[in-house]
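Colleague: Attaching a predicted model along with its sequence, questions to come.
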Amino acid sequence: MVLLGSTGSIGVNALLIAKRFGITVEALVAGKNIALLNEQIKEHQPKYVAISDVKDRPLVNHPNVFVGKEGILELLQKTQSFLVVNALVGFAGLAPSIEALRLGKRLALANKESLVVAGHLLDTSHITPIDSEHFGLWYLLGKRPVRGMTITASGGAFRDTPLNELAQKSFQDALKHPNWSMGAKITIDSATMTNKLFELLEAKWLFGVDKLDAIIEPKSLIHAFVDFQDGSTTAHLAAADMKLPIAFALLGEVEEPILPSIDLASIGSFSFQKIEPARYPIWEIKDDVLAHPTRGVVINAANEVGITKFFNQEITILELAERTIKAYRHFEDAIPKTLDEVFEIDREVRRYCLSF
Ligand SMILES: NC(=O)C1=CN([C@@H]2O[C@H](COP(=O)(O)OP(=O)(O)OC[C@H]3O[C@@H](n4cnc5c(N)ncnc54)[C@H](OP(=O)(O)O)[C@@H]3O)[C@@H](O)[C@H]2O)C=CC1
Ligand SMILES: CC(=O)[C@@H](O)[C@H](O)COP(=O)(O)O
Ligand SMILES: [Mn+2]
């Protein structure tokens, strides 16, 4: 396989699964964590490697090192592997997703931003999602007609924070996810509930279902529900550990134990809460976004600019969502019909969001 984002949270777990099941790693792509990349090179002996910064090239213990955005695409063109795991973070993952699909490869996709910004322009029949909720939905689906789907949210770092304290919370505070250990960007998106908005779009493009919603399940043990036409609802439960969705994405089908079973008696109870816009202002636009799913590129670009501003302490976490909503309303007519337009709108929205 080819692994993009090998030094990240998903990347490291993907390599654990690859090692356990003897999957050959043909190529590794990382960003700035060269120390970890070198360890991975030593263990997995990839044929090709790519990194983000040319200055780091002399530090990489490998003869075939590609560099930068173009480098990732060149690396993909060299590889023979059928499976590409895209665990890059943010909009930077889109071009590699497009290239992997263009080359006829199967795309195991953790980089949900690819689907958020361009889901209507990608061939999802060649994509296997690596996202716990979408894995859960896929696991539940059978032959019976579906009425709707619901995914769960943990509520993020500020689920129980008094509302009047939210504006004082820092980037570091937002990184304290209650249940999952993940990269920084998705953990911030969990705290603002933007991750769940993205996941509704992801579900829309992957499963073609229109009736979609999300609900808070504070333990992150139930990941998804499917409502069938007959009135039945089924739920997917599993421990909060990405190795299970990753194992299925890498292997297709899995019969060996990956995680211990859920122990219902020790869990005792489950509870559910509505997602309230007072705590998660991004939820105000949820219905509108689902009615206009091709506008995900605007939300994503505004959110990425906002996260950097939040990190730089220029804005609060509440302002992060407010700015995304402002951009979403400003770019009402920005509906990309081609992949080139996705890149163009992304640039335009970033320019706009940097201007205020
Ligand atoms: N973590 C999770 O449990 C889940 C994650 N996802 C999605 O998966 C994706 C990855 O998430 P996660 O693993 O948490 O993120 P991390 O931040 O932990 O990892 C991101 C990876 O991408 C690499 N990277 C970042 N920028 C570049 C670049 N310009 N060029 C090359 N490599 C780059 C990083 O390299 P380096 O660290 O070396 O700089 C790292 O290997 C995201 O889209 C996220 O939404 C979805 C569901 C669950
Ligand atoms: C592990 C995973 O799939 C994440 O997307 C997770 O769902 C994030 O947690 P939240 O439920 O807090 O968004
Ligand atoms: Mn998820």
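Modeller: Received the coordinates, thanks. Ligands and ions are numbered 1, 2, ... in the order given.
Colleague: any idea where the helices of the stretch 51-200 of the chain begin and end?
Modeller: Assigned by DSSP state H, counting those that start in this stretch, the helices in the stretch 51-200 of the chain fall at 68-78, 94-102, 112-118, 132-140, 171-174, 184-192, 194-207.
Colleague: can you list contacts of the second one?
Modeller: Helix 94-102 is contacted by residues 2, 4, 29, 69, 72-73, 76-77, 84, 86, 88, 107, 109, 111, 113-114, 117-118, 122-123, 126-127, 339, 342-343 when judged by CB atoms under 8 Å, 6 or more residues apart in numbering. (Each C-beta comes from the backbone N, C-alpha and C, glycine too.)
Colleague: if we can go back for a sec, nearest to residue 350, out of the helices of the stretch 51-200 of the chain?
Modeller: Closest of the helices of the stretch 51-200 of the chain to residue 350 is helix 112-118, at 12.2 Å (criterion: CB to CB).
Colleague: Outline the domain layout of this structure.
Modeller: Here the domain parsing of the chain from automatic domain parsing is 2-130, 133-238+276-291.
Colleague: picking up where we left off before, make JSON lines out of the helices of the stretch 51-200 of the chain and add distance to residue 62 and mean neighbour count.
Modeller: Listed next are the helices of the stretch 51-200 of the chain as JSON lines, based on distance: least, CB to CB, whole Å; neighbours: other CB atoms under 10 Å:
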{"stretch": "helix 68-78", "distance to residue 62": "12", "mean neighbour count": "17"}
{"stretch": "helix 94-102", "distance to residue 62": "19", "mean neighbour count": "21"}
{"stretch": "helix 112-118", "distance to residue 62": "26", "mean neighbour count": "28"}
{"stretch": "helix 132-140", "distance to residue 62": "32", "mean neighbour count": "23"}
{"stretch": "helix 171-174", "distance to residue 62": "33", "mean neighbour count": "16"}
{"stretch": "helix 184-192", "distance to residue 62": "26", "mean neighbour count": "23"}
{"stretch": "helix 194-207", "distance to residue 62": "33", "mean neighbour count": "24"}
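Colleague: right, and the ones you listed - which one's nearest residue 309?
Modeller: helix 171-174 (10.2 Å).
Colleague: anything in that closest one near ligand 2?
Modeller: No. Helix 171-174 does not reach ligand 2 (CB under 6 Å from any ligand atom); its nearest approach is 11.1 Å.
Colleague: just checking, what packs against that helix?
Modeller: The elements that helix 171-174 packs onto, with contact taken as 3 or more CB pairs under 8 Å, 6 or more residues apart in numbering; DSSP states H and E, are helix 184-192, helix 296-311.
Colleague: Which one, of the domains of the chain, ends up nearest to residue 350?
Modeller: Going by CB to CB, the one of the domains of the chain nearest residue 350 is domain 2-130, 9.0 Å.
Colleague: tally of neighbours for residue 344?
Modeller: Neighbours of residue 344 under the rule other CB atoms under 10 Å: 14.
Colleague: Would you mind measuring from the residue nearest to it when sequence neighbours are not counted to ligand 3?
Modeller: Take residue 344 and drop its neighbours on the chain: the residue closest to it by CB to CB, 6 or more residues apart in numbering is residue 336, 7.7 Å away. As judged by CB to the ion, to the nearest Å, residue 336 and ligand 3 stand 24 Å apart.
Colleague: Let's verify residue 336: helix, strand, or coil?
Modeller: Put simply, residue 336 is coil when judged by DSSP: H, G, I helix; E, B strand; the rest coil.
Colleague: I figured it hits residue 297, correct?
Modeller: Yes. The pair residue 336 / residue 297 is scored as a contact, 5.9 Å apart, by CB atoms under 8 Å.
Colleague: related to what we said a few turns ago, can the domains of the chain go into TSV with extra columns for distance to residue 249 and mean pLDDT?
Modeller: Listed next are these as TSV, based on distance: least, CB to CB, whole Å; pLDDT from 0 to 100:
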stretch	distance to residue 249	mean pLDDT
domain 2-130	4	98
domain 133-238+276-291	8	98
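Colleague: Near ligand 2, which residues of this protein? Just list them.
Modeller: Counting by CB under 6 Å from any ligand atom, the chain sits next to ligand 2 at 131, 132, 133, 153, 154, 156, 180, 186, 190, 195, 196, 242.
Colleague: In terms of pLDDT, where does the last one sit?
Modeller: Meaning residue 242. Per-residue confidence for residue 242 comes out at a pLDDT of 98.
Colleague: burial measure for the nearest residue to residue 276 once chain neighbours are set aside, as a count.
Modeller: In this structure, residue 276 finds its nearest non-sequential neighbour in residue 283, 7.2 Å apart by CB to CB, 6+ apart. Residue 283 is flanked by 22 other residues according to other CB under 10 Å.
Colleague: Residue 283 and residue 122, how far apart?
Modeller: According to CB to CB, to the nearest Å, residue 283 and residue 122 sit 26 Å apart.
Colleague: ditto for residue 96
Modeller: 12 Å.
Colleague: quick one: pLDDT of the closest residue to residue 306 other than its chain neighbours?
Modeller: For residue 306, ignoring the flanking residues on the chain, the nearest one in space by CB to CB, 6+ apart is residue 320 at 4.1 Å. Residue 320 carries a pLDDT score of 97 in this model.
Colleague: What of residue 325?
Modeller: On the pLDDT scale, residue 325 is placed at 98.
Colleague: If anything else comes up later, I'll come back, but that's it for now.
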